[in-house]
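> Quick check, what structure comes out for this input:
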Amino acid sequence: MTSKQPQRESLRDRLSTRLSTDKRGRYMDSEAQHTRNVSWLFYGLIVIVVVIIVGGLAYGFWETNLKPVASVDGTDVSRSQMEDRYKLEQFRADRLAAQTSTALAEGTIESDLANLRFTIANNELPTSEAEALTDLVDLLFKEELAGEEGVSLSADELQAAVEADGTFPEARSVDALIVITAEQEQGQAATDAGIADARERAAAAVEALQAGGDPETVAEEYGPANYETAWITYDDLVTPAWADQIFAAEEGGITEVVEADTGEQLIAVVKAIAPPAPDPGFVEAVNAAVGESVHRRNVELEALADKLEQKIVDEAVSAEYDAVRVAEIFIERSPASADDSVGEARASHILYQPETPLDADGNPTDIADLPDDDPAWDAAEAEAQAAFDELSAIEDVDERMAAFAQRAREESDGPSAPEGGELGWFPRDGMVAEFSDAIWENIDPQPGDILGPVRSEYGWHVILFEGFRSSLDVRVSDVQAALAEDGADFATVAAEYSDGPEAADGGEVGWLVLDLLDDESAAALDAIEVGETTEPVDTGDGYRIYQKLEEDQRPLPPGEAAHVRDTAFGEWYDERYFQAVDDGTISIDDSVYAQ
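Coordinates of the predicted model:
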């Protein structure tokens, strides 16, 4: 039998269950190991916390200072650029206000001109950094477009722009007369007939001014017209053609009549001229406030944008356009009518309003507050009856109508008095019931008949009946039927049916630039050949049927050049800007606007 030999066990083996080693092979007991592990875990947590804090601070710094707030054609716009633009705009506005206050206190500037400068300073003051960013993005995109158009600034041009910054532009004190149509006075769109009348009155007003007439008195005489006296700069006016005339005139000069796009006739008398006012210390002060490089870069963008605009406008004005010589038959839609299927009447009136008591401020009280049995109603009726009797006694119709218009101008209390009481065409529901009933309930009234007097909530009316006409729908159909007859002559039909001022000339309007017409008219004319006529085109103020007489490439007519100057750059730029926004070439961080 064999005996079992005892196994030899080393000290290392016996201690292995209780001890472990560190990196260097030194033995540690389990308690020390636990302490070591906890320490490393603590150190790890500290590192993680530090990393999170540093990362958060770094992200906050990036978010606040480095994150782009916009992008223009792949070029980022930083928050610091936005802030710099805001500071520059704010500095300019504050500087102008401060300099104006100083000049006013020193007596070197009159109060009205000072008020203009304060207004401009307030308007130029940015409301937020987001507004300044919008301006900056706009300028950066124009810089891109300038490059595409081959527009650049020379070093001399840039330096001149930098030195001119802070100069208050030339200002002029003017008496402005804006001759409007009867429709515009009533808050409605001007008609062709109304514009033609306004042109005549404006031409007469200029003659009266040239003869030494007082501007405010002339405005009243040739109204309806708005009169205003003010100091202005070139950029204050939304009609550049008018601004050109005003700033080309000598002191005491009178401008020619300029017609606005909406039909107003613009006239001005230049009373005084304040030349450009440089600010000698501006450049040094602005450089100290925002930095020379920031100031210079922003001025560069502004000057480049101005040069780009001038190039686009010059090209648009000098270009030749697709043009057509046309005749038209215009079938008028009454501004007072909302239904093309109803007939209309035309009339003038003389309104005699009862005299009402004065309120505490010395102003007449409202007629609606006057009792029905107040003697003032009887007095107004007596005036109306006298006018009716005297006008009705005039046997010759033309003389009667002329006498009516003159009396309306002299005696009527209504807003149509300056136009001889003329109300134009209107449907039955276009007037108060008492007025309309006097016309539509009358048995076979004839043009030139005097109707009334009738009382309404506005006073007593004496009415001059001028005629009935069919609905717009019927009148358009009548014209189409006349043109469809065998051997129909467009000019003859125009002379008989057209409501336009060119009717007597067979409807011939002359040359029209297709790009300047409304889309419907341009498309209709583009679709036909010379000698053909279009279908009726709804142009808002009525229907037009065109005949194309010739077509050619032609320069802008003088009257249209001013309109193109007003609109060419805006239309050119807006198309490109909004396309860039749509395709992502321009982007702005929305969070900027939420701040």
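
> From here on, just use CA atoms for contacts and neighbour counts.
Noted.

> contacting residues around the spatially most central residue of the chain?
When C-alpha atoms, centre = their mean is applied to the chain, the residue found nearest the centroid is Val238 (8.0 Å). If a contact means C-alpha atoms under 8 Å, 6 or more residues apart in numbering, then Val238 has Asp566 as its contacts.

> is it true that it lies in a helix?
No: read with DSSP: H, G, I helix; E, B strand; the rest coil, Val238 is coil and lies in no helix.

> Any chance of the backbone angles for it?
In terms of degrees, to the nearest 10, the main-chain angles of Val238 are phi -90, psi -10.

> same question for the strand or helix carrying Thr100, mean pLDDT?
Element membership of Thr100 [criterion: DSSP states H and E] is helix 79-106. Within the predicted structure, the mean pLDDT of helix 79-106 is 94.

> Just after it, pick out the following helix or strand.
Following the chain from helix 79-106 toward its C-terminal end, the next helix or strand by DSSP H and E is helix 111-124.

> Can you tell me which helices and strands the helix or strand following that next one packs against?
Under the assignment DSSP H and E, the closest C-terminal helix or strand after helix 111-124 is helix 129-148. Taking 3 or more C-alpha pairs under 8 Å, 6 or more residues apart in numbering; DSSP states H and E as contact, the helices and strands that helix 129-148 lies on are strand 70-72, helix 79-106, helix 292-318, helix 591-594.

> Could you chop this protein up by domain?
When the chain is parsed with automatic domain parsing, its domains come out as 29-66, 75-167+280-312, 171-274, 320-333+472-555, 344-469.

> and of those domains, who's closest to Phe578?
Evaluated over the domains of the chain, closeness to Phe578 peaks at domain 75-167+280-312, with 11.2 Å, by C-alpha to C-alpha.

> Just the endpoints, please. Distance across the closest one?
Distance across domain 75-167+280-312, first residue to last, is 24 Å (C-alpha to C-alpha, to the nearest Å).

> Next, the contact list for Val283, please.
Taking C-alpha under 8 Å, 6+ apart as the definition of contact, the neighbours of Val283 are Val162, Glu163, Asp165, Gly166.

> Which members of the residues you listed occur in strands, if any?
Counting by DSSP state E, no part of the contacts of Val283 is found in strands.

> Show me which of those are buried.
When burial is judged by neighbour count using 16 or more other C-alpha atoms under 10 Å, the buried members of the contacts of Val283 are Val162, Glu163, Asp165, Gly166.

> rewinding a little: could you tell me the angle between the direction of the helix holding Thr100 and that of helix 292-318?
Going by axes from the mean of the first three to the mean of the last three C-alpha atoms, to 10 degrees, helix 79-106 is angled at 80 degrees with respect to helix 292-318.

> Show me what counts as buried in helix 79-106.
Residues of helix 79-106 classed as buried by neighbour count (16+ other C-alpha under 10 Å): 79, 81-97, 100-101, 104.

> Am I right that Ile267 falls within a strand?
Yes: counting by three-state DSSP, Ile267 falls inside a strand.

> Surely it is in contact with Ile254?
Yes: with contact taken as C-alpha atoms under 8 Å, Ile267 and Ile254 are classed as touching, separated by 7.4 Å.

> Comparing these two, which residue is more hemmed in?
The neighbour count for Ile267 versus Ile254, taken as other C-alpha atoms under 10 Å, is higher for Ile267 (27 against 22).

> give me every residue that touches that one.
Ala176, Leu177, Ile178, Ala202, Val206, Trp242, Ile254, Thr255, Glu256, Val257, Val258.

> re the thing from before, for the contacts of Val283, which one is nearest Pro364?
Distance ranking of those against Pro364, using C-alpha to C-alpha, places Gly166 first at 49.9 Å.

> Checking Leu549 next. Helix, strand or coil?
Assignment for Leu549 (three-state DSSP): strand.

> Just give me the neighbour total for it.
Here the neighbour count serves as a burial measure; for Leu549 (other C-alpha under 10 Å) it reads 17.

> which residues touch it?
Listed by C-alpha under 8 Å, 6+ apart, the contact partners of Leu549 are Val324, Arg325, Val326, Ala327, Val530, Gly531.

> Looks to me like Ala336 is in a strand.
No: following the definition three-state DSSP, Ala336 is coil and is not counted among the residues of a strand.

> sorry, back to before: format the contacts of Leu549 as TSV; extra columns: pLDDT and distance to Pro276.
Compiled in TSV, the contacts of Leu549 are given as follows (pLDDT from 0 to 100; distance: C-alpha to C-alpha, whole Å):
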residue	pLDDT	distance to Pro276
Val324	97	44
Arg325	96	45
Val326	97	47
Ala327	97	48
Val530	97	53
Gly531	95	55
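
> Just the buried ones from those?
Among the contacts of Leu549, the ones that count as buried by 16+ other C-alpha under 10 Å are Val324, Arg325, Val326, Ala327.

> So which of the contacts of Leu549 belong to helices?
Counting by DSSP state H, the contacts of Leu549 place none of their members in helices.

> Just the pLDDT for Gly263.
Note for Gly263: predicted pLDDT of 89.

> Number of residues surrounding it?
For Gly263, which is what you asked about, the neighbour count (other C-alpha under 10 Å) is 21.

> Next: Val72.
The local packing of Val72 (other C-alpha under 10 Å) involves 19 other residues.

> same deal with Ala198?
By other C-alpha under 10 Å, neighbour count at Ala198 equals 26.

> got any ranges where this protein has weak pLDDT?
Where the chain drops to pLDDT under 70, the residues are 1-34, 36-38, 49-66, 595.

> relative to helix 111-124, how tilted is the helix holding Thr100?
Counting by the same axes, to 10 degrees, helix 79-106 points 170 degrees away from the direction of helix 111-124.

> mind listing the strands for the stretch 251-400 of the chain?
Per DSSP state E, counting those that start in this stretch, the stretch 251-400 of the chain has strands spanning 258-259, 265-274, 320-332, 344-352. These are given in chain order.

> looking at those strands, which is closest to Asp515?
Judged by C-alpha to C-alpha, the one of the strands of the stretch 251-400 of the chain that comes nearest to Asp515 is strand 320-332, at 7.5 Å.

> Direction included, what does that closest one pair against?
The pairing partners recorded for strand 320-332 under DSSP bridges are strand 508-513 (antiparallel), strand 542-555 (antiparallel).

> Could you name the stretch from those strands that's closest to Glu300?
Nearest of these (C-alpha to C-alpha): strand 542-555, 33.5 Å.

> Distance from the closest one to the middle of the chain?
When C-alpha coordinates are averaged (C-alpha atoms, centre = their mean, to the nearest Å), strand 542-555 and its chain have centres 28 Å apart.

> Many thanks, have a good one.
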